[in-house]
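> this one's sequence-less:
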């Protein structure tokens, strides 16, 4: 059993996928999607993956990788705030403030070195795009009668950002954060799978609560920022492209319904593909310009 | 207090403060002749080797009272190499030495003990990725002599060995994630120029 769980493909892909499916089923049949209990249920596997990849919390955290789990805790606490707070216009400010704080906390040593080279400029761009995209997505109010693709927009953004971030991270010599982002992608993918099957059966897909949305966007955004700050060989163009899916998800809102009114079951995967375009380009760029070839894993 | 006594007291204080430095020979590590190497178990297979090329630091060696000696050294993380570029990149990344955040590894002695005329134990704080751990190195003075080509240049050669654990530093996944270590054997050979 321990050998099974020790296999990185199990903990990075299979286990989070199964847990994502389980969480989606719970939200459909057992726990209301808006319940803080569901936010806590999302938080549990999230913390497990942080713990599994980065190790237990260290007091006080010194390296940026040791700070990530504390940022995850912060995301959970904010994700548990009442829906009226997270659903209000102030959630934009809250998201920006917490992401800027995370960027500064993770990157102050790197920034203190004072070198404004190409990787540092790319890091700042990644930080800005991630913060703006995530904050706008979090602060977007749900439509009174959401379209078929709307519940998938935020999850598709998290999935695309995490998956491309994982590839960029591993090819950029930061394997552990790659594993963590891979786990986030698989967890979200499991959830999307169940909700899309429901859509295919003519039922409405359940959306994430604002709490879950904050929790997962904040986690994916902070880990991507960490990759941009510290992965020594991460491709700058690929990092910038990886940070774009949340912004594309914001731009997608309400557009497909008018363009493809009669294609309800196809709109979620089309929306997902459009949101994933920058992520796919990011993976392509990371693989084509991989400094040591597209060899994944420690050598 | 008379002026004479005051001068006497000041002179005694100054002599006391300068005491250890006055009798110690000071050396600067010769970066061109310094080999800081490490070996670590590689998974279920063999032993991996690595080296830091950029080394600098100072040694104060008090031959009359070795306990008053001291060592300060710094390694440039960016200079680590293991004879394979991709692995070197991985080692400089945040999973291991984290060069972007912590570009140097430092060692500062806190205690030097004499074992015999040529050997001793140097205990100090080794700081990797911002975390300091106490490490003891077994040190041997191999030789000290003027250079055959330049009598004004005196060099001393030291050899040191020690052991650390990756689990003590922010690279806890090195052993159970990547199958490296956790024990790391350190072998240092260096020459130092007498100042």
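Perfect, I can see it now. Given the structure is predicted, the values throughout are model-derived calculations rather than measurements.

> Now the element after the one helix or strand in chain B whose mean pLDDT sits lowest, going C-ward?
None of the helices or strands of chain B scores lower by mean pLDDT, DSSP states H and E than helix B:3-23, at a mean of 53. For helix B:3-23, the following helix or strand on the C-terminal side (DSSP states H and E) is strand B:25-42.

> Quick check: neighbours of the helix or strand that that following strand is followed by in the sheet, parallel or antiparallel?
Per DSSP H and E, strand B:25-42 leads on to strand B:47-52 as the next helix or strand towards the C-terminus. Applying DSSP bridges, strand B:47-52 is found paired with strand B:25-42 (antiparallel), strand B:80-81 (antiparallel).

> contact partners of strand B:47-52?
Residues outside strand B:47-52 that contact it (Cβ atoms under 8 Å, 6 or more residues apart in numbering or on different chains): B:35-42, B:75-77, B:79-83, B:91, B:105, B:180. Placement of C-beta: from N, CA and C, glycine included.

> for stretch B:115-132, same thing?
Here stretch B:115-132 has contacts from A:62-63, B:66, B:69, B:71, B:97-98, B:101-102, B:105-114, B:133-142, B:160, B:164, B:168-171, using Cβ under 8 Å, 6+ apart.

> Which positions in chain B make contact with chain A?
Taking Cβ under 8 Å from any Cβ of the partner chain as the measure of proximity, chain B contacts chain A at B:84-87, B:89-90, B:92-95, B:98-103, B:129-131, B:170, B:172-173, B:176-178.

> Give me the buried subset of those residues.
Buried members of the residues of chain B next to chain A, counted by 16 or more other Cβ atoms under 10 Å in any protein chain shown: B:86-87, B:89-90, B:92-95, B:98-103, B:129, B:131, B:170, B:172-173, B:177-178.

> Could you list which of the residues you listed belong to strands?
In this view, these that belong to strands under DSSP state E are residue B:131.

> Number of residues surrounding residue A:101?
12 (other Cβ atoms under 10 Å in any protein chain shown).

> And for residue A:235?
23.

> so what's it scoring on pLDDT?
Note on residue A:235: pLDDT of 94.

> who's in contact with it?
Contact analysis of residue A:235 by Cβ under 8 Å, 6+ apart lists A:168, A:171-172, A:285-286, A:289-290.

> Backbone dihedrals for it, please?
Backbone torsions for residue A:235, taken as degrees, to the nearest 10, come to phi -70, psi 120.

> Could you do residue A:52 as well?
When read as degrees, to the nearest 10, the backbone of residue A:52 gives phi -60, psi -40.

> tell me the SS of the nearest residue to it once chain neighbours are set aside?
Spatial nearest neighbour of residue A:52, excluding adjacent residues (Cβ to Cβ, 6 or more residues apart in numbering or on different chains): residue A:11 at 5.5 Å. Secondary structure, DSSP: H, G, I helix; E, B strand; the rest coil: residue A:11 is helix.

> how far away is residue A:11 from chain B?
The gap separating residue A:11 from chain B is 10 Å, by Cβ to the nearest Cβ, to the nearest Å.

> Show me just the buried residues among the contacts of stretch B:115-132.
Counted by 16+ other Cβ under 10 Å, these give A:62-63, B:66, B:69, B:71, B:97-98, B:101-102, B:105-107, B:109, B:112, B:135, B:137, B:139, B:141, B:160, B:164, B:168-171 as buried.

> residue nearest the centroid of chain B?
residue B:73 (4.6 Å; Cα atoms, centre = their mean).

> wouldn't it be in contact with residue B:109 here?
No - applying Cβ atoms under 8 Å, one finds residue B:73 not in contact with residue B:109, separated by 9.0 Å.

> Can you check the pLDDT for residue B:171?
For residue B:171, the predicted pLDDT is 80.

> Stretch A:108-123 spans what distance, first to last residue?
Length of stretch A:108-123, first residue to last, Cα to Cα, to the nearest Å: 12 Å.

> Do any residues in it lie close to chain B?
Yes - interface with chain B: stretch A:108-123 contributes A:109-110, A:113 (Cβ under 8 Å from any Cβ).

> And the residues you listed, which is the shakiest by pLDDT?
Minimum pLDDT across these is recorded for residue A:113, with 78.

> What about that residue, how many residues nearby?
Burial measure for residue A:113: 12 neighbouring residues, criterion other Cβ under 10 Å.

> Skipping its backbone neighbours, what lies nearest it in space?
What sits nearest to residue A:113 in space, not counting adjacent residues and going by Cβ to Cβ, 6+ apart, is residue B:103, at 7.4 Å.

> follow-up on the earlier one: from the contacts of residue A:235, list the buried ones, please.
Neighbour counting with 16+ other Cβ under 10 Å marks A:168, A:171-172, A:285-286, A:290 as buried within those.

> Which secondary structure element is home to the nearest residue to residue A:167 once chain neighbours are set aside?
Leaving aside its chain neighbours, residue A:167 sits nearest to residue A:283 (4.7 Å; criterion: Cβ to Cβ, 6+ apart). Residue A:283 is part of helix A:267-288, with elements assigned from DSSP H and E.

> What average pLDDT does that helix get?
Helix A:267-288 comes out at a mean pLDDT of 95.

> Give me the helices and strands touching it, please.
Contact here means 3 or more Cβ pairs under 8 Å, 6 or more residues apart in numbering or on different chains; DSSP states H and E; on that basis helix A:267-288 packs against helix A:150-171, helix A:175-200, helix A:236-242, helix A:245-252, helix A:256-259.

> can you pull the buried residues of the fourth one?
In other words, helix A:245-252. Buried, per 16+ other Cβ under 10 Å, within helix A:245-252: A:245-250, A:252.

> how about those in CSV, adding distance to residue A:193?
Formatted as CSV, those follow (distance: Cβ to Cβ, whole Å):
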residue, distance to residue A:193
A:245, 18
A:246, 21
A:247, 24
A:248, 21
A:249, 18
A:250, 23
A:252, 20
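
> Just confirm residue A:89 contacts residue A:138, I think it does.
No - Residue A:89 lies out of contact with residue A:138 (Cβ under 8 Å); the separation is 11.1 Å.

> Between the two, point out the one with more neighbours.
A direct count of neighbours by other Cβ under 10 Å for residue A:89 and residue A:138 places residue A:138 higher, at 26 against 8.

> Go ahead and confirm that one touches residue A:86.
Yes - taking Cβ under 8 Å as the definition, residue A:138 is a contact partner of residue A:86 at 7.5 Å.

> shared neighbours, these two?
Residues touching both residue A:138 and residue A:86 by Cβ under 8 Å, 6+ apart: A:210, A:214.

> Return the residue of chain A that is most distant from the centre.
Quick read of chain A (Cα atoms, centre = their mean): farthest out is residue A:262, 30.2 Å.

> dump the residue contacts of residue 74.
All of this is about chain A. Contact analysis of residue A:74 by Cβ under 8 Å, 6+ apart lists A:98, A:102, A:218.

> wrong one, chain B
By Cβ under 8 Å, 6+ apart, the contact list for residue B:74 reads B:55-57, B:104-107.
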